[in-house]
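Asker: Sequence first, then the predicted structure:
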Amino acid sequence: MPRWIEVGSVADFPAGEKKCVDVGEVPAVVCNVGGRLCAAVNICPHAGLPVGDGELTGGILICPYHGYAFDVASGRNIDSDDDPPLKTLGVRVTEDQRVQIDADGQNAE
């Protein structure tokens, strides 16, 4: 069952940008890719470092420590299908434009 936690308003996440937030006890990075909000756990599956410190280019987030590139919508490591993906989180926007992240589950989209 999802555990939705509010992390701000839609205006807090401008198009083409990323923002690191805490979703309960879970560190997360929220990315606005062409108006679509995507969220992932802010831990690189390769080395356990904060991937959200990296550069967002289009829908690709590049880990600043080892250069791995992840599709922020799917979590897929675009450099290698053999390496673990970035764990994505569900995102929803309420009627009053508040952004909520599912702290417990994989992206439901």
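Answerer: All right, it came through fine. In this text, all values refer to a predicted model and were calculated from it rather than measured experimentally.
Asker: May I have the longest strand belonging to the chain exported as PDB, CA atoms only?
Answerer: The longest strand of the chain (DSSP state E) is strand 26-33. Extracted in PDB, the C-alpha atoms of strand 26-33 (Å, rounded to 0.1, in the frame of the first residue of the first chain):
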ATOM      1  CA  VAL A  26      13.900   8.000   2.200                       C
ATOM      2  CA  PRO A  27      16.300  10.400   0.500                       C
ATOM      3  CA  ALA A  28      14.900  11.200  -3.000                       C
ATOM      4  CA  VAL A  29      15.500  13.200  -6.100                       C
ATOM      5  CA  VAL A  30      12.500  14.700  -7.900                       C
ATOM      6  CA  CYS A  31      13.100  15.600 -11.600                       C
ATOM      7  CA  ASN A  32      10.800  17.600 -13.900                       C
ATOM      8  CA  VAL A  33      11.200  16.200 -17.300                       C
END
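Asker: contacts for it?
Answerer: Here strand 26-33 makes contact (CB atoms under 8 Å, 6 or more residues apart in numbering) with 7, 13-22, 37-43, 50-52, 56, 58-59, 61, 72-73, 89, 91, 99, 101, 103. (Glycine included, C-beta is placed from N, CA and C.)
Asker: so is residue 11 in a helix, a strand, or just coil?
Answerer: Three-state assignment for residue 11 (DSSP: H, G, I helix; E, B strand; the rest coil): helix.
Asker: Excluding chain neighbours, what is closest to it?
Answerer: Computed as CB to CB, 6 or more residues apart in numbering, the closest residue to residue 11 that is not its neighbour in sequence is residue 97, at 7.4 Å.
Asker: pretty sure the one you found contacts residue 10?
Answerer: Yes. Using CB atoms under 8 Å, residue 97 makes contact with residue 10 at a distance of 4.5 Å.
Asker: Out of these two, name the residue with the larger neighbour count.
Answerer: Here residue 97 and residue 10 are compared on neighbour count by other CB atoms under 10 Å; more neighbours surround residue 10, at 15 against 11.
Asker: Understood, closing this out.
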